[in-house]
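Student: Kindly return the folded structure for what I paste below:
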Amino acid sequence: MPNNQTTQASLDGKSIKSNNTKVQTVKVLDLNVPASFNMQLLQNNYSSDWLSIKNSMYEGEMMLSTGENGYISSIKVRGEIANHIEKTYLISKFGNDINFPWDDPKPQLQPIECFMDCMRGQPLNGWIVAGCLTICGWKSI
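Tutor: Purely as a prediction, here's the structure:
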């Protein structure tokens, strides 16, 4: 019996040989959710699909989940961006207890300015608000 096993497959009449199988794992990071992310969303016990996030340096995806009360209970990220942040990233950006100046056209803090720009013209839907809050945390990575 030979030491090196090979596998063969046929695709449209073309033979493919492979000596190695490579499995790639994707890191998923579950972030600590700031207490200030306590807006009630429309669905209880719900998870969004993986949503694409990009900034000038990194790409990745995020998933938002709610608990029984409809508040954000989990924010997960995966992909390249997960390698460049830590679990406490959103708390360090937004703090654990903040008030958003909804009517202030020129907020003072960078993440809040991003949030206001993200929300401009959008319906006040809980998932859009949560997405803007989360995405704006990564703008300054």
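
Student: pLDDT of the longest helix along the chain, averaged?
Tutor: Here the longest helix in the chain is taken by residue count, with DSSP state H as the criterion, and it is helix 126-137. Rounded to a whole number, the mean pLDDT of helix 126-137 is 74.

Student: what about the strands in this structure?
Tutor: Residue ranges of the strands in the chain, as given by DSSP state E, are 7-11, 14-18, 28-31, 51-54, 59-66, 72-78.

Student: what's near enough to touch the residue lying closest to Arg78 once chain neighbours are set aside?
Tutor: Of all residues not flanking Arg78 in the chain, Val28 sits nearest, at 4.5 Å (CB to CB, 6 or more residues apart in numbering). All C-beta atoms are positioned from the backbone trio N, CA, C, and that covers glycine. With contacts taken as CB atoms under 8 Å, 6 or more residues apart in numbering, Val28 has the following neighbours: 76-78, 82.

Student: got it, and Gly60?
Tutor: 52-54, 77-82.

Student: Buried ones among the residues you listed?
Tutor: Buried residues within the contacts of Gly60, defined by neighbour count using 16 or more other CB atoms under 10 Å: 53, 77-79, 81-82.

Student: ok, of those, which one's closest to Thr88?
Tutor: Relative to Thr88, the closest of the buried ones among the contacts of Gly60 is Val77; by CB to CB it sits at 13.1 Å.

Student: can you pull the contacts of the closest one?
Tutor: Residues counted as contacts of Val77 (CB under 8 Å, 6+ apart) are 28-29, 31, 53, 60-63, 85.

Student: got it, and Glu80?
Tutor: With contacts defined as CB under 8 Å, 6+ apart, Glu80 is in contact with 58-60.
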